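1. can't give you the sequence, but here's the structure:
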C-alpha cells in the first residue's frame, strides 16, 4: 500500500487521456487527510510517525512536515483560519 511507504501520489486530471502523476516524499504510515479551506493545501496524518504532511497542490511539493504530540487526525474537522 503506497500510504505505508511514506509517499504521496498527486494525480493531475486536467488531460484525462494523458494523466500526470507526481510522487512526493512525506512520512511513513499516512492515514487520513483533507483539504484546507482554499483547496490548495492537502493535510494528511502520518499516525505512527506523529507528523502531519502538508502538500501544496499548486506547486506539487511537500510544503511542511509538522511534528505533533500524538496520533494526528486532520480529517474534515481540522480546517482552521490562521490569523
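-> Received, thanks. All of these numbers come straight from a predicted model, not from anything done at the bench. Numbers count the residues shown, from 1 in each chain.

2. the lowest-mean-pLDDT helix or strand in the chain pairs with which strands?
-> When the helices and strands of the chain are scored by mean pLDDT, DSSP states H and E, strand 30-35 comes last with a mean of 84. Strand pairing for strand 30-35, using DSSP bridges, gives strand 41-46 (antiparallel).

3. now the strands for this protein?
-> For the chain, the strands defined by DSSP state E cover 7-12, 20-25, 30-35, 41-46, 51-56, 61-67.

4. just give the number of residues close to the nearest residue to residue 44 once chain neighbours are set aside.
-> Nearest non-adjacent residue to residue 44, counting by CB to CB, 6 or more residues apart in numbering: residue 33, 3.1 Å away. (C-beta placed from N, C-alpha, C; glycine too.) The criterion is other CB atoms under 10 Å. On that basis, residue 33 has 22 neighbouring residues.

5. good, we can wrap up now.
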